[in-house]
Each structure stands twice: as C-alpha cells, then as structure tokens.
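**Student:** dropping a prediction and its sequence here:
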Amino acid sequence: MAGTIAIKNGYVYDPLNEVDGEVMDIFIKNGKVVTELSAAEMKDAKEIDAKGKTVMPGGVDSHSHVAGAKVNTGRMMRPEDHYKYYQKKTPIAHSGCGYTVPSVYLGGYEYSKMGYTTVFEAAVPPMEARHTHEEMRSIPMLDMAGYLVLGNNWFLMRYLKEGDIDKAAAYVSWMMKTHKTYGIKCVNPAGVENWGWGENVSALDEANIHFEVTPEDIIKGLAEINEQLGIPMPMHLHANNLGHPGCWEITRDSLKIPKSIKAKPNTDVEWAETKMKAQRHQSVYLTHCQFNAFGGTSWRDFESGVKGITDYVNSNDHVVMDSGCVPFGDATVMTGDGPAIHDLYQLTGNKWSNTDVECECGSGVLPFTYLKSNPIHSVQWAMGLETLLYVKDAWKSIMTTDSPNGGPFTKYPQIIAWLMSNKARQDTFEECHKWASDRSGLASETREMSLSEIAIVTRANAARTTGLAHSKGTLAVGADGDVAVYDIDAKKIDVNDYESIIRGFQNASYTIKGGEVITQDGEILAIPEKNTFYSDIAIKADSEKEMLKDVKSWFKYYTIGFNNYPTPDKYLANPTPIKVNAER
Amino acid sequence: MEALLNTGSTIDEGRLAKGGNKYSEDYKTECAVCWVCAEDFAALGCPEKVKVTSRDGVHSVAVSTKVTESVKSGHVFIPRSIWANVVVEPSTFSTGSPLYKGSPVSVEPTDDVVMDAEEIVLKLYMGEE
Amino acid sequence: MAEVILKPIGNFDLTVEAEAITPDNFAGKTAVEIGEILIWQAPAQAKLSEFFSVEGNGGSSAEDTTITIDGDVPRVKRIGQEMTAGKIIIKGSTGMHVGNTMAGGEIIVEGNAESWPGMEMKGGLLHIKGDTLDHVGCAYRGSWHGMTGGRIVIDGNAKNQVGGGISGGEIIIGGNVDNFCGIRMNGGLIVVKGNAVRTTAAEMTGGVMVVGGRIEKFSPGFEMEAVECDLKFDDIECAGEFMKFTGDYAIPQKGKGTLYVSYENNECL
Amino acid sequence: MVYKNIICPVCGGSCDDVQVELKDGTIDVQNACKMGNAKFQEVVSSHRLLKPTIRENGKVKDVSWDEALEMSADILANSKRPLFFLGSETSCEAQEVGLHIAEYLGGVADSNATICHGPTVMGIQEAGCVGSTAGQAKNRADMIIYWGVNALESMPRHMSKYGVFPRGYWAKKGRFDRTMVTVDPRKTPTAVASDLHLQLKPNTDYELLSALFTILNGKEPHPSVEEITGIPIPVMKQTIEMMKESNYVGIFVGLGVSSSYGKHRNIEIALNLVKEMNNYTKCNLGALRGHCNVAGFNQLASYLYGYPFGIDFGKGYPRYNPGETTCVDVLREKDVDAAFVMSADLVNHIPADAAKYLADIPMICLDIAPCPSTTASDVVLPGVIDAMECDGTFYRLDNVPVHFEPFTDSPFPETKSNEDTLKQLFAKVKAKKEA
C-alpha cells in the first residue's frame, strides 16, 4: 500500500507531542500518521527497524534561500562554486552542481538526505514570484512555501502613510493570493526603497525619501495587518541596519514595536492530535538574528550584541527567532536588503549583484568566505551559536544558517554538533581567531542541547512558528507521514564524540515523506509528490474592490500590465491553499 | 581593402527574419549589403558589388554595396544574416561567441552574383552544385 | 625510472578526456593494468587500451614513473590533470587542459597544446615547446584565483587570458600573446618575451609582469614610475631597459601590481 | 474576436500590451513594433511549415508526425554525442524538456545566449551585475546610456517603454527629464537620437571603460588611450562627471560590448565601473536581450543545472566551459555527431566553418518557417508559435518571467506545443535507448 509504513522501536523525539526519546513505533497509513496498522495493513506495509536509532519528524526549515531570482543570480554568477561540487544523474535522479547555491534538483536531494522534508523560501519579490514558484516546482523531495517581500512596497507604503490599514490589509490578502505565497516578509523596512536612490535608513523613526514612512510605521503596520488577516505565521522580520556594528539595538527596538499586537492565526485546517498547543502565539518572527545582533560601534571594537536581544526574547513572549549561524567556509550572501550587500561590496570588493525590483523591493548577492583566521568571522560563528544557546526556552528559537548567507544548509549537522557538544565548541575556539572568545560570551557557555531541543529548533518549532504544525514538525496522529530516522543511539550518545553526531545527521538512515522511503543512507530512492502551500485569505469582496481600484490606477508605474502580473497555478507543484478566514 | 566588419540588426532585417521571410528577395535586398563610407567606396572604385573575405581567406561572399555616413573609414557593416556570418571570424577566444563585431575582413570589388540565402546553404554549406 | 609508452591507435573522431593519464595513476600498475584504466569519450567510458597501445609498466611510485605519449594527441584532453609527481612527455601536440591543476612533477609537450594548459596549477613544471591558445595557468570561470605555484614555459605563442588571476608561480612565454595577458593578476610573475596586442595586465592588483616586445594598445590604467635596467627574478633574466608602471587603477581594489615594458620596443609610451 | 494583453514573442522586450484581432485568414495587430507585427502575421502566413519533412538521398519529402519523430529519435539515440541547440524563440517549458533529453543522452545543450549575450553572462560571472527590473529606469533614471546597442532597431520599443520616453514616477516628463548618451562605433539611429554620441573605434570598448574607471578612481588615464579609442580624455572626464551628477544612471549594453574583441572582459569592466559608480550615485546596468526568451534559457539552465548555457552532460553531470562546451566551438572542432536545433535558425547565425559541419552531420530542426537551418536539416518538425498558439513562459530582458496565454490553437492535431513535441520525442528516445 502506498504511503504505508511502520517504523519500529526507534527512540522517538516528537516535542509537540511531548515524546522525549521514548522507544516507540510510528505507523503511517496513506501518508498520514495513525495510531496503529491492522494486521492486514501490516502485511502490505513496509517495515523499518529503527532499533538503536533516533526518530524525529521530518526537518522543517523556516528560512532558507533556495529558489527564485536572487538565488539563481547566485547560481549564474558562481560557476566557481559549482565545478568541483556536483552529483551525477542516476536512473531516477537528475544531476546537479553547486556547493553554496546548488541547482534545484541537487538542493532538494541534499535537504532530503539530511532528513528535511519541508522548506520555506525566505524571500519572494512579488514581480518575480512566477520565477520563485517555477524553481520551487522543480525542487524535488520537499514541501515548500514562500514569504512575500512587502516591507518596501509602494502600495503599502502609500496606504500606511495615509493610515488606511484596512486597504493595506486588503492589498496584502490580494497579493498573497495573486502570487500564491504564504507569509509576510519585511526586509529592511523603508530602507530598500531608499536604495532606489543609493541611500538607506538607519533609525526606526527615520522617514524614507518621498514616501515618508518610517521603519517603525511599516513594522507596526505589517504586524497589525498580519494579525488582522489571521495569517498562519507571524510577520517575518529582517530588521534594519543589518550587518552594521551596533545593529543589535535597533533590532531589539524593532521587536518592541509589535509587543502589544496579539497573535491571531486564523486558519481552516485539521490539526494533528498533539499534546502541546500547536498554534503560534508570537506576533513577530525575527530572522537570522546573528546578522542583526552586531555589537560595538565599528569593525575595530566589534563584538557580539546577541545578549541584548536574547535577554529581550527571554523576558518577552511575542518573539520567536531563527539564528543565522555561521559554520565557516564558503557562503553566498544573498538578501532582499540591497544596501546591506552594497556595504559588503565596499568592504570586500568581491563580485556583487544587485536587482532592484520596481515598486516593490530589491536584492543583493555576493560570494563570501568565512575564515577561522578572521576576527569578525570568528565572532560571527560564536554569535550564531549564542543566539540559540542563550534563549532559555527552545520554543523561541529555530536553527538556520540563513542558507546560504551564513553557510549552506548542508552544514546543519555541524551546527547541531556545536549545539550539543561544548567540546565541539571548545575545539573550534582553539582553531579560530581569539576574538571569538574575547568578543563573545560563548566560551563560558556550557549548555549542551538535548536531542529533544534539537528536534524543537530543527523541526517542531519551525513548523509551529510557520503555522504548519497541524501537519508538519510532529508525529502526532493526523500529521503528515514525514519522518527522519538517524543512526544515532540516543541512549549511548557521547557528545564529546561530536563527529558521530555530524555523521548521524548528515545522511539520515531513512527519510520518509508521506509514508514513503525517499532516501536511505544518502541515496535517493524515490521522488515523491510535493505540495506548495500558500495563504488563501478570505476578505470582504467590497474591501478588495475598493483597494483594486487604487492598485489599477497606480499600476502604470510598473512595466508589466495588471493582467499579466499574477502568478498562475501552473507554476506551483500541487498548489495547496491554507484557508485563512480574515472575515471571521 | 582591409576592414573591420560590424554586423547587427536593422529594423527591416528584423522584420523580415521574424516574419519568416529569409528566402524572399526583400531579405536579400536588405541583408546582402555591405555598408561603406563614401571615402572607402571611392577608393574601391565605386563598385556595385563587393566580395568580402574572412581573415583566413577561406570563406568569401559577394554582396551589394551601400554608401553610408554611419561608419567611418576602414569599417564596414553588413546586417546580421547568413551573408555576414559566412565571413565572421569563427574563433570564439574561448568564450563561445564568434566575433560578430569588429571581425577583420578584406573587401574588394567583384562581379560575382549575389546568392540568396538558400543558395548559400546549398552551395557553400551543403556542397551541392 | 620506469617508462610507460602510450601510442595513439584509437578513433579520436570525438575528443577524449584522459585525466587518468598521470604518473600517480600509472604507478604500481603493469602495462596490462594501465590498459584497463577507463577514459572518457563523450558520455561513454572505454579502456585506455582502446585508444593507446601500452608498453612498459608503471614505476613503484609516481616519482618513479615517466609516461611518454608517442604521437600527436590533439584531441585528447586533460593529460596530467592533478598529477603530483613523475613525468609526462608528449611527443606531439595535445588537447585542452593539459596539466590542469597539476601540483608537482613535469610535463613536456613537444608540439602545441590547446587552451587551458595548467589551469589553477599549484606546482611542478609544464613546458610546451610549441604554441598554445587561451587561458594558460588561468583561473576557472568566475574565480579570481588562478595558478598559485610551479612554472609554465611556452616556447611559442599564446593567445588570450594568459595567467588569469595568477597569484604565485611563473609563466614564461617565449613568443607573443594577444588579449588580456595577466588579467586579474595578483601575484607571481609573467614574462612575455615577444609582443602583446592589448589589455596587458588589465585589472592587475599585484605581482610582476614583463613584456619584452611591443604592446600594440597599452592599458589605460597604468602610471609610469621609473626606468630600470636588466631585470632579474631568481633564475629568470630580462635584459635591456624597461619602463616600470604600476596599476591597474581601473579596478576597485586599486592596483599594486608592477608592469615592466621594454623601452626599446615601446618608445611611444 | 479581439484579444488584449497578448505578449509579443519576438525580442527580449516582451511587450505585454499587444492587441490582436483574428479574422478569417487575416490578423490585425495593435501596439506591436514592425518586427512584432511581422511575427504575428506568421499565424496566417502562406510560408508556414505545416508538415514534417525528411531528407532522403538529397530529396525532401513530407512524412507523418510519427515518422518524423521516429527518425529524429533514431538520430539522437544513435548519436554518440548530440548537440541540443534549444533556441530562444520558444518557451522555457520546451527548453526544459530539451535539457532533460540532453542530460539523459549525455549530450551538449546550448542556446542563443552563447552567440548573443553569452559573454555578458560570463562578464557577470567575473564581476556580478548591479541591475534592476526595467521599471526602475523608467521611474527614476535621469541619465540613460546605450552602449554598443542600437536600441531603435534591435528592440524598437525599448526607448519608448523602458528607457527614454516613458513618464515615470519621478522622471515625470519622460525624455525631457533624461540625458541620453550612446556609445557606438556606428552612427546608428539610436546614436542620432542621443544628446551625446561617443563614436569610439571598433574593438576598443575595454580601453574606453578602463579609462573611465581610472578617471573615476581619481587618476589620469594613459594618454595613448585617446589614439586607441578615438575619444578625447576631456570627453571621458565629462562623461564621468555627468554620471556622478545624475541621480540615477541606467546603462544598457548590447552585443557591441559583449561581441567585440574583449568579449566578457568588456562586460566585466563595465560592471566593475557600475559597482564603483554606486559609491557616488545610483547606477544600474542591464543587457538588451535580442530574442524573446534568450534570458529564459540562462535562467532555466542555471536553476536546473547550475550553468547558464553551454552545458556538457558527457560525464553524467553538468559541466560548463565556454569555448569548449559551447555550440560554435563543438561544431568548429567537429566534436559532436548529431544536432537537434529548436526555434533558432542556427545555420544562419554561426560562422561558415561551424555551419558547414552542422550541415554535414545528421540534424533535426524544429521551426515555423523555411530558413537556412530547415534547408540543411535531415528532419524538420513544424513548430507551434508560442504566445499565439500555446501558453508558456518567457523571461524578458530584465529576467522577469512573463506567462503568456495563446489567442488561438496549435494548427497540428499531433501536438499542442513545442513542449509537447519534445515530450513525445523524449518518450521515443527513451524507448529506443532502453529497448
């Protein structure tokens, strides 16, 4: 029977269901987790012996750059990233290449080999949404969704300036449907529009040129709209001043803005039977905290500013964040924050690509190598780990590298090892620049994450934060049958032998998607069907009509016609609307 | 005369090519033409037709002449087409792209017939007589 | 030293990729075993013995192994790729990528070589007695880091992009070069004894380049510093008077490279 | 019946405001340029290729679709190293299937980019590209530079839709709010329409850009550059000053930069200059892409396989090295033994040595009208016209994808689109290989 499987006797880590390493059997029928399989069903089912192995829900990456215009710019401009790192075709799998910016097939396979089954593309420029979807459609093995970049959108800025939050909300709901995207992404609010003139903004109360809205206006506006509409996830924030020494303060202050806004996700979905409440309660999701947590005032007195942010996160409950870890080595820096990448160009003189997107947003791409011998990079490495280790409640944090900004997602096993093993961290301190210990607090941090906490920061919380925990990030009855089985003996694990942790998480013994084994020990066994999620927000027809009148009249500033602007369904692999009931 | 050959679109070349009329007389009239400046035209003896030959001397093509103010002495222009490409330098300098702009050629008066596009394929490329 | 003699006998209608022909790979193997090694022709792999007769066994190590290719192999690519020791003698012309990323040992090509000889070479000696085409000792596409060590000697001419991104080692061209010799050079030494067409040392940020002949079109971003006589770089001597330029100033990093140009042949500069 | 908002499948401008009216045997087209109008007429033209043909003993004869596809599959399955030239006058969807076949057979896949803006992409690989979507220049630019491109004749609506004339959000008065400069060795209509024409000597773009960069860096370029380029240094200085004093400089490059002596290095230094110019003012660069979906192949091939063109699947994984794995070079070096050419008149566009070899080897051509490539082919498969007879995707000049919808159907019951034709071909190739 397709999608029916029994995974027996593994140590199961399912934090949303409060299962912490107990030896259990997991049963999946027709792609969904069930309590048991009948004897007849068992006869047809595939059976996996997970004895002595670790079983977790399939990994969920809530912030990764894997598809779309700027990712492809990275691919196109970096043949030197690809020629030594490739995979040959097999009878079922396509070939591919690329280390920090893998081609789509290779990217899907590599995530899958690590036990990941769901990935969110972190930035979809509306006008380029067709492109992003085209790529996501081609990425095998993964369920996917994308965040729509809205923090510098002309229409929104004009509505916010006018104080018309209802029309702004109507616009957002229309845009989500029009471009089949999932959540609101806010990148360097107000600053990227200024970059259209080669400028930026540097303070929360600094209005940008012409549109005269401030970062604060935009953060507040988008967070309100997010909850007014009932979008599954919190507003996804890439704060201002990213990558500038001292930026941690503006980041913390940005987090204060939506403090009083109550989370009101309002989706029409069937929830898996988790013991914990699987719905999010935060009103802001700060992304790649490390890059927004620089301390000091210049590169000379640069230091970690992570603690200033994590202290705030520890004492407030409306914030969740991902880390943006830096595992050293080659990376490709890419973001919707065009001016931030220009700053990096000025620092490095590297190849640099930039694409400003008319009326909407922008982006920048730059190859980058993090060196252990470099003082700044070494501190950034420490900071990435601080962002996870300093947050007391793992349910407030998610592990990412902001792939490929801090490094490619293929380095996740290495990061897990650093989180689980103080020895791994101390050994790295030995190898890297002493600023890592002098300018951060990591050297004296002794916390070692448990496998359960790893399961939270690599799947359970990513799923809950994104509002997808009704089916992802858990093995509760009713959840999707996405499972990772790692060759890690939870009872015998010695965190000082961190190489074995890396090996264990690098190639899952089995990656199971919808109840089907798709990879085994790093080999691709099957290419499953995949879904693409988007928020289908129902609002009052009248509000939409009024808003569209404005949009149509302002559309002359685009170079594409209104009728050719939307993203048709055909660009999505199994388009899967998540119904959102803004009207209720 | 030694010259640098520039090739490129003209609006009618584009109109005829995109309209699928590469085997029309109009296309030949538009594209089988070598543009030269008045000074070079005079130096060549005001020929109606010229034979343009590739740097290696292997390939040549007869085309009509047109006097123009748009190019300077020593430079000639042929609209992007099969006539031009017969004599474009095939080396790509390890870039994949031949020298469509600034290809060294020689230009001399000729009485040869100007072939149409199909004849070039059949006679020059497929070796039919 | 053991010598393995390969004589081309196969059908080379499509080019062959023979990165397997290295002393490292042949060492410790008998002639028969060497004949079993697979090489590529288009998407198919075939035994070396289908393309070459093999005579002689490999030595005990790469150092002890000399490979002689007895004939012209202009359609065989990648000979000596990644070799670390030993010697390859090609008694004719060879295809692209000879000595690609080689780290040690010696390759002698008695005829010509096609493009990309010694791409991103790390060490050893690559000596081409005839001419070659583009990208001698150059970085791969998109990379700014070319040859880092070793020496490439071309007795004849080279074409474009010689030593692109070179940061160490030496390239000595006995004849002439065309475009972009020393493009993005950031270290190491390039000596061109003959003439250069244009864009010489363009985007240079470090290292030293010497042009003994005439430069047809000089790179605009260089400033003259001094005139020096009889240059010497270890065992490499360049006799005569040279104008010393620094540059290239047409690059964000600002040039800290040195370009010596023969005074006698470039008086107009 | 009148159809609006039709996307034009001719140049990289991807104008999406074309209006067509299809009557009995005629088509009336509004808003398209001369080239666009000509292409729309293909839907009703008398010379349209409507039957598959094969060449047998030098004679061309009509065959059924099935026979033509069988013979095509035979050629490809028996080839040791086929070349797939996946032309830009069709959809990404069709190109994608072509890439999959090339991967499956271990062939070489290339597209028009290689003989068009391939060097531009290679320049981007050396420098990165600071650019924007087309609307940025429309709304903001007060200085426009056309470098090595005759926009008026190669992309006739560029100046009116994107570059010079449109009234933008800030550039409210269109042409009057902008300074227009053209750099071209020819005095083209575009140059004539400009405020300043730098008529440099052919093959000296690199030297001119290098001198401009040197000036931007506060240094004096070597005086020989005046003789080399034919442009006086004071004019170069004036140009740099004009750029620095502008609020937004939009530079558009064409084949004059990327196809002249210097190739990708010309583009590289242009891009380097643009990057550095952004320390003074806003400055972006974009390429004018000649064919409707030439940018699409670059995007598609990059995301599917990591490289923008010239992909060699010989070793079972993608490899890329222009000059080695690119169409003109593998033909010139006789390093392929069969060819599949789709939606591009390759024989017309490549130098004689390469064209001759292409005519020598077994060749399949998919196209809509008779042209040198169909003449030289062993099998001709009639093409379906994208954006008129089927839906699909083009990427326009600024890499923004557009989805096009047809206003009529494929004239062939045997196929709905070129994508469909290629899928049928792939199935036959697989059946032969796996038999």
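**Tutor:** It's in. Residues are numbered from 1 along each chain as shown, chains lettered A, B, ... in the order given.

**Student:** only C-alpha atoms for contact and neighbour calcs from this point on.
**Tutor:** OK.

**Student:** quick check, residue C:155 in contact with residue C:171.
**Tutor:** No: at 10.8 Å, residue C:155 does not count as touching residue C:171 under the criterion of Cα atoms under 8 Å.

**Student:** pick out whichever of those two has more residues nearby.
**Tutor:** The neighbour comparison of residue C:155 against residue C:171 (other Cα atoms under 10 Å in any protein chain shown) goes to residue C:171, with 27 against 20.

**Student:** thought the more buried one was touching residue C:163?
**Tutor:** Yes: counting by Cα under 8 Å, residue C:171 touches residue C:163, with 7.2 Å between them.

**Student:** who does residue A:235 bridge with?
**Tutor:** Beta-bridge partners for residue A:235, by DSSP bridges, are residue A:284.

**Student:** which residues touch it?
**Tutor:** A:183, A:184, A:185, A:186, A:222, A:223, A:226, A:283, A:284, A:285 (Cα atoms under 8 Å, 6 or more residues apart in numbering or on different chains).

**Student:** quick one: which of these is nearest to residue C:4?
**Tutor:** residue A:185 (63.8 Å; Cα to Cα).

**Student:** give me the helices and strands touching whichever strand or helix holds that closest one, please.
**Tutor:** Per DSSP states H and E: residue A:185 is located in strand A:183-187. Packed against strand A:183-187 by the contact rule (3 or more Cα pairs under 8 Å, 6 or more residues apart in numbering or on different chains; DSSP states H and E) you find strand A:143-149, helix A:215-229, strand A:235-238.

**Student:** who touches both of residue C:171 and residue C:163?
**Tutor:** C:137, C:190.

**Student:** could I get the contacts of residue A:235 as TSV with pLDDT, distance to residue D:121 and neighbour count?
**Tutor:** What follows is the contacts of residue A:235, written out as TSV (pLDDT from 0 to 100; distance: Cα to Cα, whole Å; neighbours: other Cα atoms under 10 Å in any protein chain shown):
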residue	pLDDT	distance to residue D:121	neighbour count
A:183	98	33	29
A:184	98	32	28
A:185	98	30	26
A:186	98	31	31
A:222	98	37	29
A:223	98	40	25
A:226	98	40	28
A:283	98	42	29
A:284	98	39	29
A:285	98	37	24
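
**Student:** pLDDT of stretch B:32-48, averaged?
**Tutor:** Average pLDDT, stretch B:32-48: 97.

**Student:** so which bits of that stretch are buried?
**Tutor:** Residues of stretch B:32-48 classed as buried under the neighbour-count rule (16 or more other Cα atoms under 10 Å in any protein chain shown) are B:32, B:33, B:34, B:35, B:36, B:37, B:38, B:40, B:41, B:46, B:47.

**Student:** which of the residues you listed sits closest to residue C:235?
**Tutor:** Relative to residue C:235, and with distances defined as Cα to Cα, the nearest of the buried residues of stretch B:32-48 is residue B:40, at 52.2 Å.

**Student:** what is the neighbour count of residue D:248?
**Tutor:** Using other Cα under 10 Å, residue D:248 is surrounded by 25 other residues.

**Student:** let's verify residue 67: helix, strand, or coil?
**Tutor:** You didn't pick a chain, so chain A it is. Following DSSP: H, G, I helix; E, B strand; the rest coil, the label given to residue A:67 is coil.

**Student:** my question was about chain D
**Tutor:** Residue D:67 ends up helix, using three-state DSSP.

**Student:** for it, list the residues it contacts.
**Tutor:** No contacts exist for residue D:67 under Cα under 8 Å, 6+ apart.

**Student:** what helices or strands is the lengthiest helix in chain C leaning on?
**Tutor:** Across chain C, the helix with the greatest residue count (assigned by DSSP state H) is helix C:31-36. Judged by 3+ Cα pairs under 8 Å, 6+ apart, helix C:31-36 is in contact with strand C:52-55.

**Student:** and the helix or strand following the strand it packs on, how far from the chain's centre?
**Tutor:** As assigned by DSSP H and E, the chain's next helix or strand after strand C:52-55 is strand C:65-69. Averaging C-alpha positions (Cα atoms, centre = their mean, to the nearest Å) puts strand C:65-69 19 Å from its chain's average.

**Student:** now what about strand C:65-69, what contacts it?
**Tutor:** Residues from elsewhere that reach strand C:65-69 (Cα under 8 Å, 6+ apart): C:1-8, C:22-23, C:26-27, C:58-59, C:86-92.

**Student:** show me just the buried residues among the residues you listed.
**Tutor:** C:2-8, C:22-23, C:26-27, C:58-59, C:86-92.

**Student:** list phi and psi for residue D:97.
**Tutor:** In terms of degrees, to the nearest 10, the main-chain angles of residue D:97 are phi -60, psi -40.

**Student:** ok, now the one 5 residues further on?
**Tutor:** According to degrees, to the nearest 10, the main-chain angles of residue D:102 amount to phi -60, psi -40.

**Student:** that one and residue C:185, how far apart?
**Tutor:** As judged by Cα to Cα, to the nearest Å, residue D:102 and residue C:185 stand 37 Å apart.

**Student:** of those two, which one has the most company?
**Tutor:** Neighbour totals were compared for residue D:102 and residue C:185, and residue C:185 leads with 33 against 26 (other Cα under 10 Å).

**Student:** and the angle for the strand holding residue A:185 with helix A:215-229?
**Tutor:** 180 degrees (axes from the mean of the first three to the mean of the last three Cα atoms, to 10 degrees).

**Student:** and residue A:447, how many neighbours?
**Tutor:** Residue A:447, neighbours per other Cα under 10 Å, totals 14.

**Student:** that one touches residue A:388, doesn't it?
**Tutor:** No: counting by Cα under 8 Å, residue A:447 does not reach residue A:388; the two are 10.2 Å apart.

**Student:** residues of the stretch 101-250 of chain C that sit close to chain D?
**Tutor:** Taking Cα under 8 Å from any Cα of the partner chain as the test, the list of the stretch 101-250 of chain C residues beside chain D reads C:141-144, C:179, C:199, C:217-223, C:249-250.

**Student:** got the contact list for the closest residue to chain B within the stretch 1-150 of chain C?
**Tutor:** At 6.7 Å from chain B, residue C:134 is the closest residue in the stretch 1-150 of chain C, using Cα to the nearest Cα. Counting by Cα under 8 Å, 6+ apart, residue C:134 touches B:93, B:94, C:114, C:115, C:116, C:158, C:159, C:160, C:161, C:162.

**Student:** helix, strand, or coil at it?
**Tutor:** coil.

**Student:** the residue of chain C found nearest chain D and residue D:75: what is the separation?
**Tutor:** Per Cα to the nearest Cα, residue C:43 is where chain C lies closest to chain D, at 4.2 Å. Computed as Cα to Cα, the residue C:43 to residue D:75 distance reads 16 Å.
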